[in-house]
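Okay, here's the prediction I keep looking at, along with the sequence it came from:
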Amino acid sequence: MTSVSPREHVEPPLTRCTKPRVALRLNGVWGTRLDWLHCKDRRSQSDQFRVAQYEEFSWRMSLSGKVAVVTGAVMGIGKAMTEKLLQNGAKVALLDMNKTEAESLMQTLTKQYGQERLLFLHCDVEQEEQVKAAFQKTMDTFGGIHILCNNAGILNESTWEKMISVNLVGVIRATYLVLEHMNKLKGGQGGVIVNTASLAGIGPLVSCPVYTASKHGVVGFTRAMSAASALSGYGVRVNCLCPGFVQTGLFSNIPARLGPFSHLKDGTQLLVEKFGIVNMSQVVEAFFELVTDETKDGAALLVFQQERKYMPAVSVTD
Ligand SMILES: NC(=O)C1=CN([C@@H]2O[C@H](COP(=O)(O)OP(=O)(O)OC[C@H]3O[C@@H](n4cnc5c(N)ncnc54)[C@H](O)[C@@H]3O)[C@@H](O)[C@H]2O)C=CC1
Ligand SMILES: CCCCCC(=O)CC\C=C/C=C/C=C/[C@@H](O)[C@@H](O)CCCC(=O)O
């Protein structure tokens, strides 16, 4: 049977019939959920082939049976990551500090995916005991952790120590704590960690020097942690996602976030106009590639408005 490459998307024929033999809920890989009746006795041979092809492709790519943890899960990029993971069959623990937004989102997601695949845990990534408890609760509830999305982050150059604490120290903390459960040398099943960095983790965002430092730290930590995991035999891949400007709460009221560099707001606006705004769907597709492509380890995936590309690792001996 011809295998379907991940980038081809085979739509099955929407076969309707009077005697449904099996009702299948197939989660499309690209986030479109297809409920359709699978009726073997009415399909043509070519339809049967295409459906079988789609079935194989879907189940092969599905995250069913996988458990994901997303930090900063209830808004913006984290919310989009959560929805993508759920659309592809994963169970998801949503960690966030915003209980109000979480309540509303959990109501919506529960209606769509059922409560058995969802868990919200109030958690501040700055607090070791809260992160530790959240991971343990996830283990107790779902029986494992296979995917960690270190996504929680803030932008405010006035509170730069806090920004480092959330954006960088929080990523390191959650990584080390999840390895207690994910690391094959500790009885874990292995898995993948995706850290949300930024284009500012690759090039300087002049009006945000400490935000830039925090994101450069995430990229460096990702690459080093990936190598350490591979050399140690942890069975855990570590990648980072580096989006450009994305329309979220963090990307609002920028001048107020620049602190001592608010006089540079015009230059930042020029950069926004130069780079444009990245659609959330592009961010999420890039994220999903880092989660599912097992050849990606130590990768930094840059997401621009029109393309995405991997940043080659720089060696000091090049
Ligand atoms: N919006 C953008 O242009 C870009 C954002 N990023 C990064 O993407 C990540 C997500 O940001 P957005 O979705 O844009 O922001 P957002 O403000 O829409 O969402 C951030 C989420 O993280 C949560 N959060 C904040 N501090 C937390 C903490 N200490 N513990 C737990 N949760 C916490 C917030 O409650 C919120 O739900 C951040 O790491 C950010 O630096 C990267 C590139 C571009
Ligand atoms: C100020 C809002 C920040 C929103 C949060 C982000 O992480 C957005 C980051 C998006 C883009 C960052 C771009 C950084 C660009 C620098 O590398 C710059 O030095 C590149 C120069 C571009 C050019 O002029 O050719």
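Noted; the coordinates are in hand. Ligands and ions are numbered 1, 2, ... in the order given.

Next up, the contacts around Leu105.
Applying Cβ atoms under 8 Å, 6 or more residues apart in numbering to Leu105 gives the contacts 74, 79, 94. Where you see a C-beta, it was placed from the backbone N, CA and C, and this is true even at glycine.

out of those, who has the most neighbours?
Most neighbours among the contacts of Leu105, by other Cβ atoms under 10 Å: Leu94, with 27 neighbours.

secondary structure element for that one?
strand 91-96 (DSSP states H and E).

right, and the helix or strand after that strand?
Sequence-wise, the next helix or strand downstream of strand 91-96 (DSSP H and E) is helix 99-113.

what inclination does that following helix have with respect to strand 91-96?
Counting by axes from the mean of the first three to the mean of the last three Cα atoms, to 10 degrees, helix 99-113 lies at 170 degrees to strand 91-96.

Count residues in the vicinity of the closest residue to ligand 2 within the stretch 51-200 of the chain, would you?
Of all residues in the stretch 51-200 of the chain, the one sitting closest to ligand 2 is Ser198 (3.3 Å; Cβ to the nearest ligand atom). Applying other Cβ under 10 Å, we find 28 residues neighbouring Ser198.

tell me the contacts of Glu128?
Glu128 neighbours (Cβ under 8 Å, 6+ apart): 173, 177.

ok, 10 Å please
Glu128 sits next to 169, 173-174, 176-177 when contact means Cβ atoms under 10 Å, 6 or more residues apart in numbering.

Among the residues you listed, which one sits closest to Ser229?
Closest approach to Ser229 among the contacts of Glu128 (Cβ to Cβ): Tyr176, at 11.5 Å.

the helices in this protein, which residues?
Ranges of helices in the chain, per DSSP state H, are 45-61, 76-87, 99-113, 128-142, 160-164, 170-182, 209-232, 254-257, 265-275, 280-292.

Of these, which is nearest Val69?
Judged by Cβ to Cβ, the one of the helices of the chain that comes nearest to Val69 is helix 128-142, at 5.7 Å.

For the closest one, output the C-alpha coordinates as PDB.
Provided in PDB are the C-alpha atoms of helix 128-142 (Å, rounded to 0.1, in the frame of the first residue of the first chain):
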ATOM      1  CA  GLU A 128       9.000  24.400  42.300                       C
ATOM      2  CA  GLU A 129       6.500  22.700  44.600                       C
ATOM      3  CA  GLN A 130       3.600  23.700  42.300                       C
ATOM      4  CA  VAL A 131       5.200  22.300  39.200                       C
ATOM      5  CA  LYS A 132       6.300  19.100  41.000                       C
ATOM      6  CA  ALA A 133       2.700  18.600  42.300                       C
ATOM      7  CA  ALA A 134       1.200  19.300  38.900                       C
ATOM      8  CA  PHE A 135       3.400  16.700  37.200                       C
ATOM      9  CA  GLN A 136       2.600  14.100  39.900                       C
ATOM     10  CA  LYS A 137      -1.200  14.800  39.600                       C
ATOM     11  CA  THR A 138      -0.800  14.300  35.800                       C
ATOM     12  CA  MET A 139       0.900  11.000  36.400                       C
ATOM     13  CA  ASP A 140      -1.700   9.900  38.900                       C
ATOM     14  CA  THR A 141      -4.500  10.900  36.600                       C
ATOM     15  CA  PHE A 142      -3.300   9.800  33.100                       C
END
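
Report whether it contacts ligand 1.
No. For helix 128-142, no contact with ligand 1 is found by Cβ under 6 Å from any ligand atom; the gap never falls below 8.4 Å.

what comes up buried for that helix?
The neighbour-count check on helix 128-142 (16 or more other Cβ atoms under 10 Å) flags 130-132, 134-135, 138-139, 142 as buried.

The residues you listed into CSV, with extra columns for pLDDT?
Listed next are the buried residues of helix 128-142 as CSV, based on pLDDT from 0 to 100:
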residue, pLDDT
Gln130, 99
Val131, 99
Lys132, 98
Ala134, 99
Phe135, 98
Thr138, 98
Met139, 98
Phe142, 98
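
Cys149 contacts Ile77, doesn't it?
Yes. Using Cβ atoms under 10 Å, Cys149 is in contact with Ile77, at 9.1 Å.

mind showing which ranges of the protein have poor pLDDT?
Scanning the chain for pLDDT under 70 picks out the ranges 1-61, 318.

need the residues of it near ligand 2, please.
Going by Cβ under 6 Å from any ligand atom, the residues of the chain near ligand 2 are 155, 198-200, 203-205, 208, 244-245, 250-251, 254, 268, 271, 274-275.

Let's see that with 8 Å instead.
By the rule Cβ under 8 Å from any ligand atom, the part of the chain lying against ligand 2 is 155, 198-208, 211-212, 215, 243-246, 250-251, 254, 257-258, 268, 271-272, 274-275.
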